[in-house]
Every structure is written in structure tokens, then in C-alpha cells.
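3D model of this:
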Amino acid sequence: MKKNFILLVLASVTMLCFAQPKKTDLKVEYKLFCDTDVPVKATHLLFVKNDVAINQDKLSTTERWTEKPSKYDMNIAKIQGDYEPYMKIDRKKKEMLFFGALGQNIVLVKDIYTDLKWIITKESKTIAGYNCTKATTSYRGREWIAWFTIEIPVPFGPWKLHGLPGLILEAYDSTNRYTYKAVKIEMVTDDIFSKDFSTLMATSRKKVIPIRQFIDENLEYNENRFKALMANTEFEIQVKNEPRSGEELIYEWEE
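Next up is the predicted model:
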């Protein structure tokens, strides 16, 4: 009788295990700190399944970075609307896609896939209870420092940082202008991977455009806006072309 009861319990536990959906997708929430003229912070999400990572900038969460004073007395209103762009990195296909704003429109852009050349150091520290190792790389004009953990053997991190033998929990450029810090890690089952990536946002064009075309058209759009502004003013305004200050300072075709 006792033996039969034990077998019944084991069978029930087995059935329960099979009934529970296996959560194989990784979801990481980062805080992005931008040490710009008006310091702001926002939430950045990373979803990982096998060789594919999908990032999302939650721009609606943008707010003043109150930990640091600003020389500008400005209030940052939360960004409204549906523009919370996605980016996908497929390491197996060596493909990188992202949604970008082109004027008032959203387009799907094919970026240049790059195998980042990381230098892994012997420096280590603990982040959120995980033993992390320091690594550095250069990408489009910035030097990046990343702290990754092999305890979570996922070759991804925030934004376009990927290729290390473990999940990146913290990353920042050498000027500390942009800093990503992981604040939440969980195993989930997310339907984002069951969808066609190109349909995650409504776009104004049916075809994917290459990143060089995207950069050129954005430049043309801004120049046309300035010309239109000049046509409606009596004052002569001279504008100096300032160097880029975003996460990417120079592109491959410009080197």
C-alpha cells in the first residue's frame, strides 16, 4: 500500500512538471543613464532566446537623472506615444535589424553586423550576487567597458554589445556618457519571439533600408528642415556642423 502511494505521488509530480511550460527565454531589465547636458535615465529591455536577442528602448520611462545636477534648468516630460523601438541581433544569421525614426516616420533598418573584438581582462567584481569579469572593445568611435558573468552563459548584453561568453550585467563607454546597469533578470516565456520582427512596429516603407541610406536620409531631412526654418525668418543664422555625440560617433564607410 505504501509503495503504491509513493508511486502515485511520483506520477503526480511528473505530470505536474510536464504540465508546467518550460521558461527558456531570458529577460533582462537595464537602467540606461545618459550623462548628457540634460542627464536622463530610462528603462532598456533585453530578450534572449538561443542565438537571437531583441532589445527595446522604453522611451516612455525617460526621466531626469536626479542623482546628478544639470547646468540646464529644464524639466523632462515623459515621452508619450508608441515609439519604443526594437532592435534584433541574430548571431547565427549574422544579422542586425532595428527600427529608426526618419522624420515623422518609422522605418526598418538593416545594420552592419559586427563581431566585436573583446579583450577580456583578469579584473573581476560582484554585481547583484554574480561574479563578473571585465572586458573592453571599440565600436564606432567609442571604447566600451563591460562586466559579464559566465554564470549566465548568454552572449548578449544591452544595445549592440554582444559576443562575450556570458551575460553583460553592466556596460559603459570610456567617457561614462552612457551607462547600462542590469536591475532585474528573469526566465520567462515571452511571445515576442513567435512574432515576425518586422511587424513589431508599423513602418512607412515595405522594404528594409540599409543603415547608410538611413543615416544619409536623416541628414537630408534635417538640412531641409533647417532650410524651411530659414525661409520663414528675417534673421541670418549660421549653424556649425557639430560632431556626433550619441552612442555611435563614426560609421564604417566614414573611416
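
drop to CA atoms for contacts and neighbour counts, all remaining ones
OK.

where's Glu242, which helix or strand?
Glu242 is part of no helix or strand when elements are defined by DSSP states H and E.

list the residues that contact it.
Contact analysis of Glu242 by Cα atoms under 8 Å, 6 or more residues apart in numbering lists nothing.

what about the strands in the stretch 101-250 of the chain?
Along the stretch 101-250 of the chain, counting by DSSP state E, counting those that start in this stretch, strands occupy 105-111, 119-127, 130-139, 142-149, 167-173, 178-188, 209-210.

so can I have JSON lines of these showing mean pLDDT?
What follows is the strands of the stretch 101-250 of the chain, written out as JSON lines (pLDDT from 0 to 100):
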{"stretch": "strand 105-111", "mean pLDDT": "97"}
{"stretch": "strand 119-127", "mean pLDDT": "97"}
{"stretch": "strand 130-139", "mean pLDDT": "98"}
{"stretch": "strand 142-149", "mean pLDDT": "98"}
{"stretch": "strand 167-173", "mean pLDDT": "98"}
{"stretch": "strand 178-188", "mean pLDDT": "96"}
{"stretch": "strand 209-210", "mean pLDDT": "98"}
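
can I get these in CSV with distance to Glu223 and mean neighbour count?
Shown next, in CSV, are those (distance: least, Cα to Cα, whole Å; neighbours: other Cα atoms under 10 Å):
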stretch, distance to Glu223, mean neighbour count
strand 105-111, 17, 20
strand 119-127, 40, 12
strand 130-139, 27, 18
strand 142-149, 26, 22
strand 167-173, 29, 24
strand 178-188, 27, 17
strand 209-210, 20, 14
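
of all those strands, which lies closest to Asp37?
Across these, Asp37 has its closest neighbour in strand 178-188 (12.3 Å, Cα to Cα).

name the helices or strands packed onto the closest one?
Judged by 3 or more Cα pairs under 8 Å, 6 or more residues apart in numbering; DSSP states H and E, strand 178-188 is in contact with strand 25-34, strand 167-173.

centre-most residue in the chain?
Trp159 (2.8 Å; Cα atoms, centre = their mean).

just to check, it is in contact with Asn55?
Yes: counting by Cα atoms under 8 Å, Trp159 touches Asn55, with 6.4 Å between them.

overlap in contacts, these two.
Met87.

follow-up on the earlier one: out of the helices and strands packed on strand 178-188, which gets nearest to Trp144?
Among those, the nearest to Trp144 by Cα to Cα is strand 167-173 (4.3 Å).
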